[in-house]
Structures are given as structure tokens and as C-alpha cells.
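Chemist: What follows is a protein structure lacking sequence information:
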């Protein structure tokens, strides 16, 4: 599972860096074009929005994989250790269910609906935008499987992860 996690981290990090870099260049160019040259370029704003959607969804999966998502541990920390472990498994299973049902299956359905639709500013298929959903779902699913495997391994070894 370490190799899979490393591969997922590598892919998510590289995609994020690329998307963030392109977004920064687009936004800076948009500002320069509007305020320095007085000739705004409308498609840069639209593309930056779509890239930001991709960036958020890829990084959401990455954050789940790193277990750095927002967590309010007030109640969990007051539970006995075994109950905490059960709660952690339930949480991972809920994330897995969400990633599979909503992001992957729902995202695939949105992608299929969006393929024939065209964006007015960019004239690209909206399927490209909606493809971020199933990709995020697949990444989150794989990360969650790794997280569950880590917890099972820790259980067998008698340690907490």
C-alpha cells in the first residue's frame, strides 16, 4: 500500500502544481491585460475558474489521503481507545461510500451529460470540467482503501495509526 500511496501522492502533487501554476499565470495575465493594456481577455477568467475547480477536487482527495482534512475530535478523544478505532473505521467507510457513489458514479453521470454541452467563452465540452469529479472520486477511493489497510495493519500489529 505504501507504493500505491506514493504513486497517488506523486500524481496528485504534480497535477496540483501544474493546475496552480497555470491558474496563477492566467490570473496575472488577465489583470495585466485589463489594467495595463485596457483589453480584458474574457476566456482567461472562465478557464481560471475551471482550473480552480479541478485544483480543489484533486486536492480534496489528496488531503483525505494525508488524513489532514478538518476533524473535530472533541467527542472522539473522550471515547475509549477501541471505540475510537471503530469510529475511525466507520468514518473511513463513510468517506469510501461518498467517494464511490457521489464523486465517482455521480461524477461519471455528470461527465456524460456534460460532454455534448459547450462552454460559451471557451467553446470546449463541459465534460472536461466535469471529469474532475470522477477523477477525485477515484483518487479518494484509492486513498481511503490505503487508509483502511493502514488501520488493519496497525490493528494486527497492536499499534494505532
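Modeler: Nice, I can see it. Not measured: the values here are computed from a predicted model.
Chemist: Which strands or helices does the longest helix anywhere in the chain pack on?
Modeler: Taking DSSP state H as the criterion, the chain has its longest helix at helix 2-35. Applying 3 or more Cβ pairs under 8 Å, 6 or more residues apart in numbering; DSSP states H and E, we find helix 2-35 packed against helix 42-66, helix 132-157. In this view, the C-beta of every residue, glycine as well, is placed from N, C-alpha and C.
Chemist: what pLDDT, on average, does the shortest one get?
Modeler: Spelled out, that is helix 42-66. Across helix 42-66, pLDDT averages out at 95.
Chemist: that older thread, dump the helices and strands packed on helix 2-35 to a markdown table, plus mean neighbour count.
Modeler: Below are those laid out as a markdown table (neighbours: other Cβ atoms under 10 Å):
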| stretch | mean neighbour count |
| --- | --- |
| helix 42-66 | 18 |
| helix 132-157 | 19 |
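Chemist: mind checking which of these is nearest residue 105?
Modeler: Taking Cβ to Cβ, helix 132-157 is the member of these nearest to residue 105, at 7.7 Å.
Chemist: Which strands and helices lie in contact with that closest one?
Modeler: helix 2-35, helix 42-66, helix 81-98, helix 107-114.
Chemist: how far is it from where the chain is centred?
Modeler: 13 Å (Cα atoms, centre = their mean, to the nearest Å).
Chemist: Then stretch 76-91?
Modeler: Distance, centroid of stretch 76-91 to centroid of chain: 25 Å (Cα atoms, centre = their mean).
Chemist: Tell me the buried residues in that stretch?
Modeler: Across stretch 76-91, burial judged by 16 or more other Cβ atoms under 10 Å covers 84-85, 88.
Chemist: thinking again about what came up before, take the helices and strands packed on helix 2-35 and write them to CSV, including distance to residue 14.
Modeler: Output for these, formatted as CSV (distance: least, Cβ to Cβ, whole Å):
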stretch, distance to residue 14
helix 42-66, 10
helix 132-157, 13
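Chemist: Among the helices and strands packed on helix 132-157, which comes closest to residue 141?
Modeler: When these are compared by Cβ to Cβ, helix 81-98 sits nearest residue 141, at 6.3 Å.
Chemist: Contacts for the closest one next, please.
Modeler: 64, 76-77, 79, 140-141, 144-145, 147-148, 151, 155, 160 (Cβ atoms under 8 Å, 6 or more residues apart in numbering).
Chemist: what's the farthest-apart pair in the residues you listed?
Modeler: Every pair of the contacts of helix 81-98 checked by Cβ to Cβ; the farthest is 77 and 141, at 27.8 Å.
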